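Student: when you get a sec, could you give me coordinates for this:
(2 chains)
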Number of protein chains: 2
Amino acid sequence: MSGEPINDLSRLCIHTITTKPWGLEEAVSRYAEAGVSGITVWRQALEGRSIARAGELIRSAGLEIVSICRGGFFPAESESDRKNAIEDNIELIHEAAELGAPLIVLVCGAVPGLELEEARKQIREGIEAILPHAESQGVKLGIEPLHPMYADSRSAINTLAQANDMCQAIGSESVGVVVDVYHVWWDPNLMDEINRAGEKILAFHICDWRTPTEDLLNDRGLMGEGCIPVRKIRGWVGSAGFSGYNEVEIFSNRRWSGDMGEFLNHIIDAYLDYS
Amino acid sequence: MSGEPINDLSRLCIHTITTKPWGLEEAVSRYAEAGVSGITVWRQALEGRSIARAGELIRSAGLEIVSICRGGFFPAESESDRKNAIEDNIELIHEAAELGAPLIVLVCGAVPGLELEEARKQIREGIEAILPHAESQGVKLGIEPLHPMYADSRSAINTLAQANDMCQAIGSESVGVVVDVYHVWWDPNLMDEINRAGEKILAFHICDWRTPTEDLLNDRGLMGEGCIPVRKIRGWVGSAGFSGYNEVEIFSNRRWSGDMGEFLNHIIDAYLDYS
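Tutor: A predicted model of the protein is given here:
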């Protein structure tokens, strides 16, 4: 079942990275002014700022903090690097709590040359190591499967099935999955795995896949600019019980080199027309 | 079980596209001179040539013709385009027979905006439409799953599981699968699906995945230049019963702009050291 058309912005969230040239303060005021309802804060947007004050600023502008992006990157060749990654994720959990973000999105990590099975084992160990901190701080952890083209260096978790399996193996109320259409749209088992995830779906990210895609990282499209059936996938996620935000997360050198105000208008139009 | 080290070139096949700047005649004489045993001919390498004479030239140089690349691209928006694709594939079957190639590699096709399920249905219909011609000409058809990053415009068949499912659904002795490490290395179910494919594996393609990959199409690496466990996957394919060629298929703007003779030497070294 396809998602119902969207008529308002009450479920629209934007990732600060989407409008990367704007500092956090400008993003917050522009999003609020445009009627956007939620914000996902990229960690680098907090650099050099008081995190508690950033949280207050966002809330006083009327925006809901949906999540903080991103933790993870657990696998490493050396044990000391793995320990550092765990320490860094624990710090991020405290930052999330201070900001007032209920969720950390995990890009789980991969290392070129480290076998994927080993990386997956290290990811699980990493999540289990930080889990008590997440639980005590009331922050959830969302495992985001990344597109298989990132299996070399960004994530050894590349399908929703794998993310669901890991959730199940860890078995904590505080761990769920993040569904990003860009990463999973091609998957022949997507609908089944979305159903299987059910209430474990903690976040839903949208954008589009451009043809041709000219850069593996930073050539994402606006909804409607590509081939992803965003509305259909949103319907599946909704049927599985998810009622949270639709988060626009677009990395695009092309867009970032243009005018951010215009881009924000395009995002809103595309959100209403194609999401 | 990892593959045994390779000590000779008796199972080395090279795709003509790998040394794209060379015309067919030069590729044939250079491969033969270097001790390469097999060749997979890309269709464009035959342009403007007598196909029967090209076959004779290759055989008289002592090379075995492993396959012809590539058929497929069945899905299309219009019925007339789908018919044209079928006609073109039937023509290719006759070209393969004339060349003396026992196998056609199928890049099944996808169309941006055409739903993947519909594309998959059209792929199956296309293969079934050309199948009688393949059977009567004694040419096999190999379904090659392509990496999910090509699901927009090159193939709606993106995992070996899907290729195996389609083989099974079609149920012909003349249809099998092609395993290319570049497309499937990330897949958590790879070993199981290789075992499931068993004697249906008609070809095995090797190269490597570079980090960072700078171009979605033409930045493949030589074995050893990236993160793919080529030898391990070759071991799985061998355990599943495959005893054919290891085919080096590398699209690389970087390599194509250099000296092909040197590249051929590098291929042979990498083949012995990392495959």
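Student: residues touching the closest residue to A:L264 other than its chain neighbours, list them.
Tutor: In space, and not counting its chain neighbours, A:L264 is closest to A:A34: 5.6 Å by CB to CB, 6 or more residues apart in numbering or on different chains. For the C-beta atoms, the positions are set from N, CA and C on the backbone; glycine is no exception. With contact taken as CB atoms under 8 Å, 6 or more residues apart in numbering or on different chains, A:A34 is in contact with A:L9, A:L264, A:N265, A:I268.
Student: residues in contact with the first one?
Tutor: Contacts here follow CB under 8 Å, 6+ apart; on that basis A:L9 touches A:A34, A:G35, A:V36, A:S37, A:I268, A:Y271.
Student: any of the residues you listed buried? List them.
Tutor: Buried subset of the contacts of A:L9 (neighbour count, 16 or more other CB atoms under 10 Å in any protein chain shown): A:V36, A:S37, A:I268, A:Y271.
Student: between those residues, which is nearest chain B?
Tutor: A:Y271 (19.2 Å; CB to the nearest CB).
Student: thinking again about what came up before, give me the subset of the contacts of A:L9 that lies in helices.
Tutor: Assigned to helices by DSSP state H, the following of the contacts of A:L9 qualify: A:A34, A:I268, A:Y271.
Student: correct me, but A:I267 touches A:T18?
Tutor: Yes - between A:I267 and A:T18 there is a contact under CB atoms under 8 Å: 7.2 Å.
Student: higher neighbour count, those two?
Tutor: Taking other CB atoms under 10 Å in any protein chain shown, A:I267 and A:T18 do not tie; A:T18 has more neighbours (27 against 24).
Student: which elements pack onto the helix or strand hosting A:R53?
Tutor: Using DSSP states H and E, A:R53 sits within helix A:51-60. Packing partners of helix A:51-60 (3 or more CB pairs under 8 Å, 6 or more residues apart in numbering or on different chains; DSSP states H and E): helix A:24-34, strand A:38-42, strand A:64-72, helix A:79-99.
Student: tell me what angle it forms with helix A:79-99.
Tutor: Interaxial angle, helix A:51-60 versus helix A:79-99 (axes from the mean of the first three to the mean of the last three CA atoms, to 10 degrees): 50 degrees.
Student: ok so, going back, pull up the overlap in contacts between A:I267 and A:T18.
Tutor: A:V248, A:I250.
Student: tell me where the stretch 101-250 of chain A has strands.
Tutor: All strands of the stretch 101-250 of chain A, identified by DSSP state E, counting those that start in this stretch, fall at A:103-107, A:140-143, A:175-180, A:201-206, A:246-248.
Student: any chance of the ones you listed in a markdown table, plus mean neighbour count?
Tutor: Shown next, in a markdown table, are these (neighbours: other CB atoms under 10 Å in any protein chain shown):
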| stretch | mean neighbour count |
| --- | --- |
| strand A:103-107 | 25 |
| strand A:140-143 | 26 |
| strand A:175-180 | 25 |
| strand A:201-206 | 25 |
| strand A:246-248 | 26 |
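Student: minimum distance to B:E79: which of those strands has it?
Tutor: Judged by CB to CB, the one of those that comes nearest to B:E79 is strand A:201-206, at 32.7 Å.
Student: give me the contacts around the closest one.
Tutor: By CB under 8 Å, 6+ apart, strand A:201-206 touches A:15, A:40, A:66-67, A:103, A:105, A:140, A:142, A:144, A:176-182, A:194, A:223, A:230, A:234, A:237, A:240-242, A:244-249, A:275.
Student: do that again at 7 Å, thanks
Tutor: A:66-67, A:103, A:105, A:140, A:142, A:176-181, A:223, A:230, A:237, A:240, A:242, A:244, A:246-249, A:275 (CB atoms under 7 Å, 6 or more residues apart in numbering or on different chains).
Student: repeat that for stretch A:232-249.
Tutor: By CB under 7 Å, 6+ apart, stretch A:232-249 touches A:1-3, A:11-15, A:17-18, A:38, A:40, A:66, A:179-181, A:185, A:191, A:194-195, A:197-199, A:201, A:203-207, A:267, A:271, A:275.
Student: on that earlier part again, pLDDT on the helix holding A:R53, on average?
Tutor: For helix A:51-60, mean pLDDT is 98.
Student: return the distance of it from the chain's centre.
Tutor: The chain centroid and the centroid of helix A:51-60 are separated by 20 Å under CA atoms, centre = their mean, to the nearest Å.
Student: buried set for it?
Tutor: Result for helix A:51-60 [16+ other CB under 10 Å]: buried residues A:I51, A:A54, A:G55, A:L57, A:I58.
Student: what residues does the stretch 101-250 of chain A put near chain B?
Tutor: By the rule CB under 7 Å from any CB of the partner chain, the part of the stretch 101-250 of chain A lying against chain B is A:112-113, A:115-116, A:147-149, A:151-153, A:158, A:162, A:186, A:188, A:209, A:211, A:213, A:216, A:227, A:229.
Student: which of those residues are buried, as a PyMOL select command?
Tutor: Here is the PyMOL command that picks out the buried ones among these, judged by 16+ other CB under 10 Å:
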select buried, chain A and resi 116+147+148+149+151+152+153+158+162+186+188+209+211+213+216+227+229
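Student: and the closest residue to A:G100 other than its chain neighbours, what does it touch?
Tutor: Leaving aside its chain neighbours, A:G100 sits nearest to A:G55 (4.3 Å; criterion: CB to CB, 6+ apart). When contacts are counted by CB under 7 Å, 6+ apart, A:G55 touches A:I65, A:E98, A:L99, A:G100.
Student: check these and tell me the two furthest apart.
Tutor: Pairwise distances across the contacts of A:G55 (CB to CB) peak at 11.1 Å, for the pair A:I65 and A:E98.
Student: the two: which is more packed in?
Tutor: A:I65 (20 against 16).
Student: partner residues bridging that one?
Tutor: Applying DSSP bridges to A:I65 gives these bridge partners: A:I39.
Student: cool, and the one 4 residues further on?
Tutor: Taking DSSP bridges, one obtains A:W42, A:V105 as the residues bridged to A:C69.
Student: look up how far A:N158 lies from it.
Tutor: The span separating A:C69 from A:N158 equals 18 Å under the rule CB to CB, to the nearest Å.
Student: ramachandran coordinates for A:I14?
Tutor: With angles defined as degrees, to the nearest 10, A:I14 sits at phi -120, psi 140.
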